[in-house]
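Novice: sequence and predicted structure are below.
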Amino acid sequence: MSLVPPKCFIWVIFKSEFYKFDELPEEGKQNLEDVYPVWNFHLRDALNQETEAPERGNKYEKFKKHIDSFFNDYLQSDDFKKIIPIDSGSFVKVPKIKINEVKENSNQLLFKDRHLDIVPFWGILKGPFKSPEYAQVQFFFILHNKDVDVAKKLDSFFDQGLHNFEGIYQFARVPYYTQPKFSIAFSDKANPLPEIERKIHDRNFDSETHYIAIYISPHSKNVRDRESKLIYYRVKELLLKKGITSQAIEAEKVREAVRRKSRYDYSLNNIAIAILAKLNGIPWQLNTKLKNELIVGVGAFKNSDTNIQYIGSAFSFANNGKFNRFECFQSNQVDELAGSILNQIREYVAVNTNIDRLIIHFYKNMSKKELKPIETGLNDLGLDIPVFIVSINKTESHDIVAFDNKWHGLMPKSGTFINLGYNRFLLFNNTRYNNNGSVKESDGYPFPVKLSIRCTHEELADDYKTVKELIDQVYQFSRMYWKSVRQQNLPVTIKYPEMVAEIFPHFEGNEIPTFGKDNLWFL
């Protein structure tokens, strides 16, 4: 205990009971050797424990094995059966009438010249849907003095390529140019901001040129020191205030890849996609017909330092995946969230002749308190339109899971959804695109996400065609993640706002710089 600061103890267990550490009863304080802390990230950092690597392999097989083991060892025992005489079959067979699939073309993406593909990596090789918005683009590096070797490597990779990555222009149609002696090197690794800010101020930025900074971070994203973590966010904020797009790359990851001769070209593919999106290009677009509707995504992230939950909102998603604006609030700012949604509706209606419906993708079940000011605002605007609330459980479902016993990997096919009743659904979103298809371990075996759908016009929430269309939309938006060429299982309407909400609390003044409200700076 003497090795860990007291503030790291949040919850503890004493005599099989949970207590907050600062509310521990006197008996516990007198017998601290019998008090057991509940593990948390602060304890991990204080004890210098390594961050656990993400789980690999087929989770469905592991999960089923654990369920079978629990069922056979405990629920099938004679003692248990005396109390609850359950059947010998351990799983409930889902009736076929409860199982359906999204439309066959829901996983189709559009690339250059309207080329169709369902796999982002193969599609982008034909060219992105839309090149960067800016004609004049200039790259420059921001780096620590001892990371010059990494900058030279990245310069070579972006220009000439590495392995199957043939360069950022060849892969993502982002023109690559760096001006000699324009990059910024700093010497103070612990506090580089004053140096960076001073040197940016001294640079002559051409108003006709769009700049993108490659920030070579000397600190890992998983560094335990809080001050070192904050540097990444503060550099990002500083550049946003200057109207400069940025892409952070960890120096040590590049060195390690070069040292081990590993496939860093896979990372370069993802970096190139993110940079294209930050330059207002469109890597790929959904193959869907545009409709007169506004889609708003609301995601959340709880800051572990302050224990305050922040909600990010992504506005004006057209149903083809194009977005217009981001905002961020504390989770108790219900009226502010409603006001920003209504402002976007006003802007939408000012440009479009009408709006048929508002669709809100919410990270949890939306309460009446959260919905009421939106309904009131719509009435004040004279808009009698249905508001659909699609609640999307942002954590993968573990309490309800289904298995496809006809497939060796047990994971149901991508796009399959199961009706759980009361307008609740289980949606499987993965890379198993056909009945006999294989899945790469690197793509993962994600569990399903849970959806619930309701509407201010109650009868529409019972219309099967409308409900299926909304499920299709959630599935499609999961394919619009432009930080990677890999399929994601959460829609960007939830994922993007969550990413904004994670970074936002670290900005000074709790304000997203204006430049950052209408582009994908956070990728």
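Specialist: Nice, thanks for sending it over. These numbers come from a predicted model, not from an experiment.

Novice: quick check: next helix or strand after the helix or strand of the chain with the lowest mean pLDDT?
Specialist: Across the helices and strands of the chain, mean pLDDT, DSSP states H and E gives its lowest value to strand 308-317, namely a mean of 72. Using DSSP states H and E, the helix or strand that follows strand 308-317 in sequence is strand 325-330.

Novice: about what we covered before: okay, now the sheet partners of the least confident helix or strand of the chain, with direction.
Specialist: strand 293-303 (antiparallel), strand 325-330 (antiparallel) (DSSP bridges).

Novice: ok, of those strands, where does mean pLDDT dip lowest?
Specialist: Mean pLDDT is lowest for strand 325-330 among those, at a mean of 78.

Novice: which stretches in the stretch 1-150 of the chain count as strands?
Specialist: Secondary structure of the stretch 1-150 of the chain (DSSP state E, counting those that start in this stretch): strands at 11-14, 17-20, 35-37, 99-101, 109-110, 116-117, 137-144.

Novice: for residue 272, which of the ones you listed is the nearest?
Specialist: For residue 272, the closest of the strands of the stretch 1-150 of the chain is strand 137-144, at 12.0 Å, according to Cβ to Cβ. For glycine as for every other residue, the C-beta is placed from the backbone atoms N, C-alpha and C.

Novice: what stretches of the stretch 151-300 of the chain score poorly on pLDDT?
Specialist: Applying pLDDT under 70 to the stretch 151-300 of the chain picks out residues 221-226.

Novice: still on that earlier bit, for residue 400, which of the strands paired with strand 308-317 is the nearest?
Specialist: From the strands paired with strand 308-317, taking Cβ to Cβ, the stretch that ends up closest is strand 293-303, at 21.8 Å.

Novice: export the closest one as CSV, just CAs?
Specialist: C-alpha atoms of strand 293-303 as CSV (Å, rounded to 0.1, in the frame of the first residue of the first chain):
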residue,chain,number,x,y,z
GLU,A,293,-33.8,13.6,-43.5
LEU,A,294,-31.4,14.8,-40.9
ILE,A,295,-29.4,12.2,-38.9
VAL,A,296,-27.8,13.2,-35.6
GLY,A,297,-25.4,11.0,-33.7
VAL,A,298,-24.8,11.3,-30.0
GLY,A,299,-22.0,9.4,-28.3
ALA,A,300,-20.4,9.7,-24.8
PHE,A,301,-17.1,9.3,-23.0
LYS,A,302,-16.5,9.5,-19.3
ASN,A,303,-13.2,11.3,-18.3
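
Novice: quick one: buried residues of it?
Specialist: 293-301 (16 or more other Cβ atoms under 10 Å).

Novice: tell me how far residue 7 lies from residue 364.
Specialist: Distance from residue 7 to residue 364, counting by Cβ to Cβ, to the nearest Å: 29 Å.

Novice: same question, residue 237
Specialist: 28 Å.

Novice: these two: who's more crowded?
Specialist: residue 237 (22 against 16; other Cβ atoms under 10 Å).

Novice: residue 118 is nearest to which of the strands paired with strand 308-317?
Specialist: strand 293-303 (21.8 Å).

Novice: show me how far the closest one is from its chain's centre.
Specialist: Put simply, strand 293-303 sits 11 Å off its chain's centre (Cα atoms, centre = their mean, to the nearest Å).

Novice: cool, stretch 194-202 as well?
Specialist: That offset, for stretch 194-202, works out to 32 Å (Cα atoms, centre = their mean).

Novice: buried residues in that stretch, which are they?
Specialist: Quick answer for stretch 194-202 (16+ other Cβ under 10 Å): 196-197, 200.

Novice: same question, stretch 34-48
Specialist: Quick answer for stretch 34-48 (16+ other Cβ under 10 Å): 35, 37, 42-43, 45-46.

Novice: quick one: those as CSV, columns for pLDDT and distance to residue 207 too.
Specialist: Supplementary listing: the buried residues of stretch 34-48 in CSV, determined by pLDDT from 0 to 100; distance: Cβ to Cβ, whole Å:
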residue, pLDDT, distance to residue 207
35, 88, 62
37, 89, 56
42, 75, 46
43, 79, 50
45, 72, 44
46, 75, 49
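
Novice: ok, which pair from these is furthest apart?
Specialist: Between any two of the buried residues of stretch 34-48 (Cβ to Cβ), the greatest distance is 20.4 Å, for 35 and 45.

Novice: quick one on the thing from earlier: mind checking which of the strands of the stretch 1-150 of the chain is nearest residue 404?
Specialist: strand 99-101 (10.0 Å).

Novice: quick one: strands adjacent to the closest one?
Specialist: With DSSP bridges as the test, strand 99-101 pairs up with strand 416-421 (antiparallel).

Novice: partner strands of the next helix or strand along the chain from the partner strand, with direction?
Specialist: Counting by DSSP H and E, the next helix or strand C-terminal to strand 416-421 is strand 424-427. Looking at strand 424-427 with DSSP bridges, its partner strands are strand 416-421 (antiparallel), strand 449-455 (antiparallel).

Novice: buried set for the shortest one?
Specialist: Along strand 416-421, the positions that meet the burial threshold by neighbour count (16+ other Cβ under 10 Å) are 416-419.

Novice: how about that strand as CSV, C-alpha atoms only?
Specialist: Taking C-alpha atoms only, strand 416-421 is exported to CSV below (Å, rounded to 0.1, in the frame of the first residue of the first chain):
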residue,chain,number,x,y,z
THR,A,416,-28.1,-10.6,-39.6
PHE,A,417,-30.5,-9.1,-37.0
ILE,A,418,-32.7,-10.8,-34.4
ASN,A,419,-36.0,-9.4,-33.1
LEU,A,420,-35.9,-9.5,-29.3
GLY,A,421,-39.4,-8.1,-28.9
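
Novice: what mean pLDDT does it get?
Specialist: On average, strand 416-421 scores 93.

Novice: show me how this protein divides into domains.
Specialist: The record, using automatic domain parsing to delimit domains, assigns the chain the ranges 6-46, 131-278, 292-517.

Novice: and these: which comes nearest residue 122?
Specialist: For the domains of the chain, proximity to residue 122 was assessed by Cβ to Cβ; domain 292-517 is nearest, at 9.0 Å.

Novice: span of the closest one from start to end?
Specialist: End-to-end distance of domain 292-517 (Cα to Cα, to the nearest Å): 23 Å.

Novice: now swap in stretch 279-294 and tell me
Specialist: Taking Cα to Cα as the measure, stretch 279-294 stretches 24 Å from start to finish.

Novice: quick check: buried residues in that stretch?
Specialist: For stretch 279-294, by 16+ other Cβ under 10 Å, it's 279-288, 291, 293-294.

Novice: what does stretch 336-345 give?
Specialist: 336-342, 344-345.

Novice: quick one: residue 298 and residue 365 touch, right?
Specialist: No - assessed by Cβ atoms under 8 Å, residue 298 is found out of contact with residue 365, at 12.0 Å.
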